[in-house]
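Asks: Sequence plus predicted model, see below.
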Amino acid sequence: MTAAAPLLALGPTRVVGILNVTPDSFSDGGLYVDVDAAVAHGLELAAEGAALVDVGGESTRPGAERVSAQTELQRVLPVVTRLAEAGVAVSVDTMRADVATRCIEAGAVVVNDVSGGLADPDMLSTVAALRCVYVAMHWRAHSATMNQHATYSDVVSEVVDELLGRVKAATIAGIEPDRLVLDPGLGFAKTGEHGWDLLRGVETIHGIGLPVLWGASRKGMLDPVAPGGPVARDDASVAITTWLATHGAWGVRTHTVAPHLTAVAVATKLGQS
């Protein structure tokens, strides 16, 4: 067994807590730009039962402009370091190989790359050398222009094909398949209806055969069933988690932890004979 084996072993769906240390994230931008506030919230997420706390220093909301690598590192590194020192399992949400390296060296155990290695040509080889768990998301373009790429004939089959391409690239770079997690990228170069189609196609996506992390929490695609802004989408987000857990998702990435753990418990109970 590799070091990644316990994290990626079969079991109930993991709940990954979101910790945005940015001033401009779509849901909670600005709440945790202060390091002490960010660390306190990360500890709260872990205490509630988050399997990972995912720390991100660059907003990837639609239309967001990129920040410099220095700015991103200044935001995430102190938070990652302190949470890891406190015994929290931390992932770093970054598209940059240098940021990934510094954060893994500081104690993070997962690199969560929304670009799947496409934004930084050094990312895949860097992760291979770091020998950490790598989350590769389906991605077509940076946030500023991604909505221009939300064109599909069959979104489920095309996302699966493009994810398989990232798996091939990752393994060629030296990342072992047992360190890979995939993410279909709800809301990234996709309309709201594309997101619902991907959720309906959950069994096809899980049929790739690798762990899958889903990120529906507070996404705009939930507006038709839960209008009123990001926080008003929390109940719908929990309902999506029940659906995904019932279908064997490896993980869900969420802004709140406790209600999603309850949803996972319900799904697990329903699956028992």
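Replies: Perfect, I can see it now. Residues are numbered from 1 along each chain as shown.

Asks: Please enumerate the helices of the stretch 151-273 of the chain.
Replies: Secondary structure of the stretch 151-273 of the chain (DSSP state H, counting those that start in this stretch): helices at 155-173, 192-200, 202-206, 234-246, 258-270.

Asks: Most tightly packed of those helices?
Replies: Highest mean neighbour count among the helices of the stretch 151-273 of the chain (mean count of other C-beta atoms under 10 Å): helix 234-246, with a mean of 21. Glycine gets a C-beta too; all of them are placed from N, C-alpha and C.

Asks: avg pLDDT for that helix?
Replies: When pLDDT is averaged over helix 234-246, the result is 98.

Asks: Extract the C-alpha trace of that helix and format it as PDB.
Replies: This file holds the C-alpha atoms of helix 234-246, laid out as PDB (Å, rounded to 0.1, in the frame of the first residue of the first chain):
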ATOM      1  CA  ASP A 234     -26.900  25.100   0.900                       C
ATOM      2  CA  ASP A 235     -29.900  22.800   1.300                       C
ATOM      3  CA  ALA A 236     -29.800  21.900  -2.400                       C
ATOM      4  CA  SER A 237     -26.100  21.300  -2.100                       C
ATOM      5  CA  VAL A 238     -26.800  18.800   0.700                       C
ATOM      6  CA  ALA A 239     -29.400  17.100  -1.500                       C
ATOM      7  CA  ILE A 240     -26.900  16.700  -4.300                       C
ATOM      8  CA  THR A 241     -24.500  15.100  -1.800                       C
ATOM      9  CA  THR A 242     -27.100  12.500  -0.900                       C
ATOM     10  CA  TRP A 243     -27.500  11.700  -4.700                       C
ATOM     11  CA  LEU A 244     -23.700  11.500  -5.200                       C
ATOM     12  CA  ALA A 245     -23.100   9.400  -2.100                       C
ATOM     13  CA  THR A 246     -25.800   7.000  -3.100                       C
END
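
Asks: What lies in contact with that helix?
Replies: 12-13, 15, 199, 202, 214, 216-219, 222, 225-226, 252, 254-256, 259-260, 262-264, 266-268, 270-271 (C-beta atoms under 8 Å, 6 or more residues apart in numbering).

Asks: Run the chain-centre distance for it.
Replies: Distance of helix 234-246 from the chain centroid (C-alpha atoms, centre = their mean, to the nearest Å) equals 15 Å.

Asks: Taking helix 192-200 as reference, get the angle to it.
Replies: 40 degrees (axes from the mean of the first three to the mean of the last three C-alpha atoms, to 10 degrees).

Asks: Helix 234-246 vs helix 258-270, what angle?
Replies: Angle, helix 234-246 to helix 258-270, by the same axes, to 10 degrees: 30 degrees.

Asks: Poorly predicted segments of the stretch 1-150 of the chain, please.
Replies: Scanning the stretch 1-150 of the chain for pLDDT under 70 picks out 1-5, 24-29.
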